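Peer 1: Sequence first, then the predicted structure, then my questions.
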Amino acid sequence: MSWVRLDDTFPEHPKVLSVGGDAAWLHVCALAYCNRLETDGEIPEGILHRLSDRKNPMQLAERLVGAGLWDNAAFGWVIHDYHDYQPSKVDLEERRARQSAAGRLAGKRSGEVRRQQANAERNANEIVRESFNDRSTKSNPRPDPTRPVTVSSTDTHPVEHSAAAGDNSGRRKAIATAYGRQAVEIGGTSVKNPEKYASAARERAKADPELERLAALFPTAPPDVIAAALHGNKHSLNHYPRSDELAPVVPLHA
């Protein structure tokens, strides 16, 4: 859709006042016709009766020519100085071409975003399927089935004399990091901001006393196994000894 450009002083312009209201309205209708059909201001004589419902539109056209608003032409008339205020057909074609190119670029970007989202969804689904597989079974295909683990809030096994003695801050951080990563994997496509989601999950894990308790109770379990247990997948802990089953650390003396 194109638009007619009229100065806000148009109704008081001396030329407009000199031709009268009927001729001025014919001029406005002609501007709309030329913009709509992109005629570059050309008005065929045969269209005049469609632009004015007055009995003698030819007289109105003669007034417009006399006032310098229209110019005579072999086919009819041309609006005087049309391109000083109204866009040419070339201008309109260039504008449409730019808009079309911008639309194609936006569509290409949208398609790329959809492809990336689909790939991310497939990857997330694959990760979710694999994330809680029994990792330790791969490294220890013959776990001891006679020692099922029962982890309850009453299990308390001091570790100050076990193999896990020492500063565990680095291990706790690794468990929290694994917990955050697994939270994103579990959330899949519902997670809109993975980095922020993982960060919030890490903070929850750090504040959870269950992390400290499981880390102490199973000092040899890898961080991702402890993190999986915090997510509810505690059966993997069956394959790791508890702290009370480990030999005490005996310091070496020189």
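Peer 2: It's in.
Peer 1: can you give me the helices for the chain?
Peer 2: 14-19, 21-37, 48-51, 57-66, 82-85, 89-131, 135-139, 169-187, 194-207, 209-217, 223-230 (DSSP state H).
Peer 1: Name the residues that touch the first one?
Peer 2: With contacts defined as CB atoms under 8 Å, 6 or more residues apart in numbering, helix 14-19 is touched by Phe10, Ala24, His27, Leu60, Arg63, Leu64, Gly66, Ala67, Gly68, Leu69. To be clear about C-beta, it is placed using only N, CA and C from the backbone, and glycine gets the same treatment.
Peer 1: Out of the residues you listed, which two sit at the greatest distance?
Peer 2: Using CB to CB, these span at most 18.3 Å, a distance reached by Phe10 and Gly66.
Peer 1: Among the contacts of helix 14-19, which one sits closest to Thr220?
Peer 2: The closest of the contacts of helix 14-19, once distances to Thr220 are taken by CB to CB, is Phe10, at 88.0 Å.
Peer 1: Who are the contact partners of that closest one?
Peer 2: Phe10 neighbours (CB under 8 Å, 6+ apart): Val16.
Peer 1: for this structure, where's the lowest mean pLDDT among helices and strands?
Peer 2: Within the chain, no helix or strand scores below helix 135-139, which has a mean of 45 by mean pLDDT, DSSP states H and E.
Peer 1: Pick the one among the contacts of helix 14-19 closest to Val113.
Peer 2: Among these, and counting by CB to CB, the member closest to Val113 is Phe10, at 46.7 Å.
Peer 1: do you know how far the closest one is from Asn35?
Peer 2: 15 Å (CB to CB, to the nearest Å).
Peer 1: ditto for Ala101
Peer 2: For Ala101, the distance to Asn35 - CB to CB - is 23 Å.
Peer 1: which of those two has more neighbours?
Peer 2: Applying other CB atoms under 10 Å to Ala101 and Asn35 shows that Asn35 carries more neighbours, namely 20 against 10.
Peer 1: Tell me which of the contacts of helix 14-19 has the lowest pLDDT.
Peer 2: In terms of pLDDT, the lowest of the contacts of helix 14-19 is Phe10, showing 93.
Peer 1: Give me the below-cutoff pLDDT ranges for the stretch 151-254 of the chain.
Peer 2: 151-167, 247-254 (pLDDT under 70).
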